[in-house]
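Engineer: Need a 3D model of the sequence below.
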Amino acid sequence: MGLKYDGGDRAMTAQALWTVAQNTFALRPVALSDGEPGNVTLKALYSGVSRGTEGLVARGGVPESEWHRMRCPFQEGDFPFPVKYGYAFVGEIIDGPSERLGQRCFALHPHQSHAVLPGAAAVPLPNALPARRAVLAANMETAANIVWDSGAGPGDRVLIVGAGVVGLLTAHIIAGMPGADVTIVDVNPARKSLADTLGVQFSLPDAAPRDMDITINTSASAAGLRLALEAAGRSARVVEASWHGSNDVALPLGGAFHSKRLSIVSSQVGDIPADRKARWDYTRRLSMALRLLAQAPQLEALLTHEIPFADAPARLPILLAPGAEALCPVLTYP
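Structural biologist: The predicted structure follows:
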C-alpha cells in the first residue's frame, strides 16, 4: 500500500479512504503529482477519525444546505456519496525542500497513505509532541473555539454535557484556568475514568449541578442541550457546540428561560470568533492546538482504538455507529 511512481513525470498513486455509500467505506487509488513549486509530499503516519462529524458524513446526514460549507480541505467527491473526507492527518515529509525533509507535520487532509500539499498546509509538530497524539489537533482547535465563544474565565463554574473527544478537550482547557470548577456530564458512567484522568468532576445527567456560570453542550443530542439550559444560572451563557446535521431540536424556551435571562450562542470551528479575527488566523490557531497537545500526555487516553489503514473499511462502520464506545479511533499506516 505504498506510494507508486508512474513514468518519468513523477506522477504518483496513493491509497485513499472513501465513503462510498451509507456507512460503507472503500480504499481507492488516487493520483498525485508533485509538479507544483512549493509542494511537499508526506507519508502518512497516523490519521484520526472524528466520530461526531465523520459519523454524520458516513450516515449521509449532512443537510444539502450545508454541502458547500461542510467541505473539508482537500476533499474529493461530493456529499452525500461518494466522498473522501477527513481532517486529522499526521505524516512525515519525504519529498520537498531539503530543509523540510523528515519533518513530522499535521495537515487538515482526508485519510490517505500519502499526500502532496502546499508547504504551508503541512504544519510542523512541536518536538515534544508524539505523532500519534497529534491527530487530536483539529478537535483541539474546535475545543479552543468553544472556550473562546463561552467567555470562560478563572473561577467560573462550568458544566460540559457530553464526554466525547471535543467535550473532554474543552474540559481540559477550562480546567487549566485558575480556580475553574469544571464538571463533565455523560450518560455513560464509564467516562468517569476519563474525567478523573483530566482532573475534572464527572456527573450523570440526573445528578448534574445547577446554577452554573457557563454550560456547554457537546453531546449532539437535544436532551444534552435541554440539560445545559436547565443547569445554567441566572444570566448565564449556554454554548451549543454540537452539530445536529439535518435533525430538528425541540427546546423548552418557556419556564425559566426568559426569567433567568439566558443566552444561547453557537460555536463552530469553521470560523474564528469575531473578537479575535483581527489578530488570529487558522495557522496561529492550529499551532496553538499543537502546543496544547504537546503539554498534555494525559490526552493519550482519548485515543481508544488503533486500526491498520487496510482494515478501515471493515472496522469503521462499527466504531462510527451511534453509541459505540470509541472516542478517537486512530488509523495507522505501514
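Engineer: In three-state terms, label the spatially most central residue of the chain for me.
Structural biologist: The centre of the chain sits closest to N139, judged by C-alpha atoms, centre = their mean, with a distance of 2.9 Å. Of the three states, N139 takes helix under DSSP: H, G, I helix; E, B strand; the rest coil.
Engineer: so what's it up against?
Structural biologist: Shown in contact with N139 (C-beta atoms under 8 Å, 6 or more residues apart in numbering): G48, S50, A88, V165, V166, L169, C328. (Glycine included, C-beta is placed from N, CA and C.)
Engineer: Now the fifth one. Nearest residue, chain neighbours left out?
Structural biologist: Looking back up the chat, that one is V166. Computed as C-beta to C-beta, 6 or more residues apart in numbering, the closest residue to V166 that is not its neighbour in sequence is T218, at 4.9 Å.
Engineer: My read is that the one you found contacts A171, right?
Structural biologist: No. At 9.3 Å, T218 does not count as touching A171 under the criterion of C-beta atoms under 8 Å.
Engineer: Can you pull the residues that touch both of the two?
Structural biologist: With C-beta under 8 Å, 6+ apart as the test, T218 and A171 both reach I160.
Engineer: so what are the domain limits for this protein?
Structural biologist: Structural domains annotated on the chain: 4-132+303-332, 139-266, as defined by automatic domain parsing.
Engineer: Quick one: end-to-end distance for the shortest one.
Structural biologist: Taking C-alpha to C-alpha, to the nearest Å as the measure, domain 139-266 stretches 16 Å from start to finish.
Engineer: Just the mean pLDDT for it, thanks.
Structural biologist: Domain 139-266 comes out with an average pLDDT of 96.
Engineer: from the middle of its chain, how far away would that domain be?
Structural biologist: Domain 139-266 sits 17 Å away from the centroid of its parent chain (C-alpha atoms, centre = their mean, to the nearest Å).
Engineer: Now the residue nearest to the centre of the chain. Nearest residue, chain neighbours left out?
Structural biologist: Here the residue nearest N139, using C-beta to C-beta, 6+ apart, is V165, at 5.0 Å.
Engineer: then stretch 46-53 to PDB, C-alphas only?
Structural biologist: These are the backbone C-alpha positions of stretch 46-53, laid out as PDB (Å, rounded to 0.1, in the frame of the first residue of the first chain):
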ATOM      1  CA  TYR A  46      -1.400   8.300  11.600                       C
ATOM      2  CA  SER A  47      -4.800   9.900  11.000                       C
ATOM      3  CA  GLY A  48      -7.600  10.500  13.500                       C
ATOM      4  CA  VAL A  49     -11.300   9.800  12.900                       C
ATOM      5  CA  SER A  50     -13.700  12.300  14.300                       C
ATOM      6  CA  ARG A  51     -16.600  10.200  15.400                       C
ATOM      7  CA  GLY A  52     -19.100  13.100  15.500                       C
ATOM      8  CA  THR A  53     -18.600  14.700  12.100                       C
END
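Engineer: just to revisit the earlier point, which stretch among the domains of the chain is buried most, on average?
Structural biologist: Greatest average neighbour count among those goes to domain 139-266 (a mean of 19), per mean count of other C-beta atoms under 10 Å.
Engineer: Touching, R69 and G270? I think so.
Structural biologist: Yes. Between R69 and G270 there is a contact at 6.7 Å, judged by C-beta under 8 Å.
Engineer: Quick one: the strands in the stretch 51-200 of the chain, in order.
Structural biologist: With strands called from DSSP state E, counting those that start in this stretch, the stretch 51-200 of the chain shows them at 76-77, 83-84, 89-95, 104-107, 114-118, 123-124, 157-161, 181-185.
Engineer: With D213 as the reference, name the closest of those strands.
Structural biologist: Nearest to D213 among the strands of the stretch 51-200 of the chain is strand 157-161 (4.9 Å), distances taken as C-beta to C-beta.
Engineer: Give the pairing partners of the closest one; include direction for each.
Structural biologist: Using DSSP bridges, the strands paired with strand 157-161 are strand 181-185 (parallel), strand 212-217 (parallel).
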